[in-house]
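Trainee: Dropping the sequence and predicted coords here.
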Amino acid sequence: QVHLVESGGGLVQPGGSLRLSCAVSGFPMINYAIGWFRQAPGKEREGVSCINKSGSSTIYLDSVKGRFTTSRDNAKNMVFLQMDSLKPEDTAVYYCARKYGSSCLRSADFGSWGQGTQVTVSS
């Protein structure tokens, strides 16, 4: 059974950092790109980052470029999202998902969603 489980969210002050983790099981993670998405209250889910199968290529939402870094450890079936210089507008529930389609930041091209982890950036 396919499972993606996010962890690492929490409350952080503006300018702070968090590292999210996505634990993958039930399928060979090395065969899939993995994406991170977020959804704030009242807003649509948006793609934050995407990492290819080997981890050699990444894509980011413009607003997080230079602040967020995604990585993966295929031996441990883990994907990570390092978030630095956090801003209040980064507040959202963050999800990881497995890429099925062709677009790296479009939620319709992803599935096997995790349950999400809450990130709140506030002073």
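Mentor: Perfect, I can see it now. Numbers count the residues shown, from 1 in each chain.
Trainee: Mind giving me the packing neighbours of the helix or strand of the chain with the lowest mean pLDDT?
Mentor: Every helix and strand in the chain was compared by mean pLDDT, DSSP states H and E; the lowest is strand 110-111, with a mean of 92. Packing partners of strand 110-111 (3 or more Cβ pairs under 8 Å, 6 or more residues apart in numbering; DSSP states H and E): strand 92-99. Just so you know, the C-beta spots here come from the backbone N, C-alpha and C atoms, and that holds for glycine as well.
Trainee: Make sure Gln82 is indeed in a strand.
Mentor: Yes: under DSSP: H, G, I helix; E, B strand; the rest coil, Gln82 sits within a strand.
Trainee: got the contact list for the closest residue to it other than its chain neighbours?
Mentor: Once flanking residues are discounted, Gln82 sits nearest to Thr69: 4.5 Å by Cβ to Cβ, 6 or more residues apart in numbering. Thr69 sits next to 58, 81-82, 84 when contact means Cβ atoms under 8 Å, 6 or more residues apart in numbering.
Trainee: So for the helix or strand containing Thr69, what gets flagged as buried?
Mentor: Assigned by DSSP states H and E, Thr69 belongs to strand 68-73. Neighbour-count burial for strand 68-73, counted by 16 or more other Cβ atoms under 10 Å, picks out 68-70, 72.
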